[in-house]
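Visitor: The amino acid sequence is not available; the structure is as follows:
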């Protein structure tokens, strides 16, 4: 049997310390935690940075490193620094060095990098080894070279290689959320369907329980399946909470694709062992003919300036669509007349917060609002252009009247300056898999020692 | 008028990666599940303004859950995307009139 302790859904989200201590006391074989996902958007991968506070990350990571030392087992982190780019791995390695120095621990760290050089990806594209998933953007070599970061999602094989170094800590770049949990039970010959299924259920920590915020869970893997139990005394796992977690962020709740195959849970059974732990059996792992890893890539998509005006006058609230359309038309005309730009160099969007800013044309609820926040979003090819266009938008948002013959209205601006520079923005541009002959060929593994 | 959200426990939407959206309807009871299961896919397609062949539907009776997954109308985080995490799409289904 293999006991995996999962402190939280992600490093940076916090965990219940008492529950972690309980998990350590239960004698885990390994501690595994995720460090990121694409869910916060393309900017983090584009820039290769973490979304979480460095100080919070350091405090939580130090707590886990200390827990690891008490348990005397490896600590594995996947998708370092939100995006798992090489720079984000280096960032967490740097934090780990600081912790090792200040706490006086000598630590052996296996560093697994998932970043892909554009030349490697274009060579794979030419060789027909890149396959689009649905729906995939069109790609060519120029697009691949325009990415600021491309990462491949490592699976259990690469994590197993990192664990085989005998490291105290594994810091991995982009991995699948499940691979860091599934690797150890797979190495030890546990049921492969159970290993991947238990990993999927456990990957978000206590989200698969009645108390998601409690964080810490333990998954026990064996020859037939797995058993899941929360470590917090305020949380319970039930067959419903556990099986329902297969729905979470999954387009298909029964099939999960991973490097080297897929998990099929259509025949899984979920049984309550007591009122807080659940036993799962019958999950199947189906190996694939080809070994593929998913690619994620982000590239620059221009610069943004935004501005917010608050419309409270009932007449303007009632006519806000006309008001926005008119401002859009007039600002666009002014931009084209006064700046040396063409229409494809920029876009202006006015979103009506309080009416349909969230869903846009899909909105079906027409309840009249009291006020509307008009969020002006300017996207342009350069930062200077975005700023100039934002400043041309400003007088309209402040004073534009519905009719020419009326006293000049003024709208509420919450800030000075009214324009907010959002800087460079990014977009996701890959939804593809890359075929490998050897699971390690796209990844780099290095062992370092840190601390006194 | 019977709004879907009034007869079920919870409607939740979320990204399933940057290119997909998924909406989970936790019906709570077999009766509510039967009612939501009867929802024609064409109505869901119209609500999300997408082609019904693009929508994957799962009616999971042992959980009393109905799930719809479909390609995101805008790729997550692209300049015209309004909802980075896909958090609000469920509201459209919750407010859908089942009697209409």
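Guide: The structure has been received and is ready for your questions. Note that the coordinates shown come from a computational prediction; the quantities given were computed from them, not determined experimentally.
Visitor: For the stretch 301-450 of chain A, which segments are assigned as strands?
Guide: Using DSSP state E, counting those that start in this stretch, the strands found in the stretch 301-450 of chain A span residues A:346-353, A:372-380, A:419-428, A:432-436, A:444-450.
Visitor: how about those strands in a markdown table, adding distance to residue A:156, mean pLDDT and mean neighbour count?
Guide: Using the backbone N, CA and C atoms, a C-beta is placed for each residue, glycine as well. Output for those, formatted as a markdown table (distance: least, CB to CB, whole Å; pLDDT from 0 to 100; neighbours: other CB atoms under 10 Å in any protein chain shown):
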| stretch | distance to residue A:156 | mean pLDDT | mean neighbour count |
| --- | --- | --- | --- |
| strand A:346-353 | 43 | 98 | 19 |
| strand A:372-380 | 40 | 98 | 22 |
| strand A:419-428 | 25 | 98 | 19 |
| strand A:432-436 | 14 | 98 | 21 |
| strand A:444-450 | 14 | 98 | 14 |
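Visitor: Single out the residue in the stretch 251-400 of chain A that lies closest to chain B.
Guide: Going by CB to the nearest CB, chain B is nearest to residue A:251 of the stretch 251-400 of chain A, at 3.8 Å.
Visitor: Determine which residue of the chain is most distant from the centre point.
Guide: You didn't pick a chain, so chain A it is. Going by CA atoms, centre = their mean, the residue of chain A most distant from its centre is residue A:405, 51.3 Å out.
Visitor: Oops, wrong one, chain B.
Guide: In chain B, by CA atoms, centre = their mean, residue B:79 is the one farthest from centre (23.5 Å).
Visitor: so who does that one touch?
Guide: With contact taken as CB atoms under 8 Å, 6 or more residues apart in numbering or on different chains, residue B:79 is in contact with A:301-302, A:304, A:347, A:349, A:377, A:379, A:425, A:427.
Visitor: Make CSV out of those residues and add distance to chain B.
Guide: Formatted as CSV, those follow (distance: CB to the nearest CB, whole Å):
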residue, distance to chain B
A:301, 6
A:302, 7
A:304, 8
A:347, 7
A:349, 7
A:377, 8
A:379, 5
A:425, 7
A:427, 5
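Visitor: element containing the most centrally placed residue in chain B, please.
Guide: Nearest to the mean C-alpha position of chain B, by CA atoms, centre = their mean, lies residue B:23 at 3.9 Å. Element membership of residue B:23, judged by DSSP states H and E, is strand B:20-26.
Visitor: elements contacting that strand?
Guide: strand B:10-15, strand B:65-71, helix B:89-94 (3 or more CB pairs under 8 Å, 6 or more residues apart in numbering or on different chains; DSSP states H and E).
Visitor: Which residues of chain B lie near chain A?
Guide: B:14-20, B:22, B:24, B:26, B:47-49, B:56, B:58, B:60, B:62-63, B:65, B:67, B:69, B:71, B:73, B:75-80, B:82-85, B:88-89, B:91-92, B:95-96 (CB under 8 Å from any CB of the partner chain).
Visitor: one more time with 7 Å
Guide: Proximity of chain B to chain A, by CB under 7 Å from any CB of the partner chain, involves residues B:14-20, B:22, B:24, B:48-49, B:56, B:58, B:60, B:63, B:65, B:67, B:69, B:71, B:75-79, B:82-85, B:88, B:92, B:95.
Visitor: For the residue in the stretch 51-200 of chain A that chain B sits nearest to, what are phi and psi?
Guide: Residue nearest to chain B within the stretch 51-200 of chain A: residue A:135 (4.7 Å; CB to the nearest CB). Dihedral pair for residue A:135: phi -90, psi 140, per degrees, to the nearest 10.
Visitor: Could I get the pLDDT score of it?
Guide: Looking at residue A:135, its pLDDT is 93.
Visitor: How many neighbouring residues does it have?
Guide: Neighbour count for residue A:135, taken as other CB atoms under 10 Å in any protein chain shown: 13.
Visitor: And residue B:61, by the same measure?
Guide: Neighbour tally, residue B:61, other CB under 10 Å: 12.
Visitor: likewise residue A:138?
Guide: The number of residues near residue A:138, taken as other CB under 10 Å, comes to 7.
Visitor: Tell me how far it lies from residue A:103.
Guide: Distance, residue A:138 to residue A:103, by CB to CB, to the nearest Å: 50 Å.
Visitor: cool, residue A:10 as well?
Guide: Residue A:10 sits 23 Å away from residue A:103, going by CB to CB.
Visitor: Repeat that for residue B:10.
Guide: 43 Å.
Visitor: Check residue A:68 too.
Guide: On the measure of CB to CB, residue A:68 and residue A:103 end up 12 Å apart.
Visitor: pLDDT score for the residue nearest to the centre of chain B?
Guide: Reported pLDDT for residue B:23: 97.
Visitor: related to what we said a few turns ago, please identify which of residue A:10 and residue A:103 sits among more neighbours.
Guide: Neighbours per residue, other CB under 10 Å: of residue A:10 and residue A:103, the larger number sits with residue A:10, 26 against 14.
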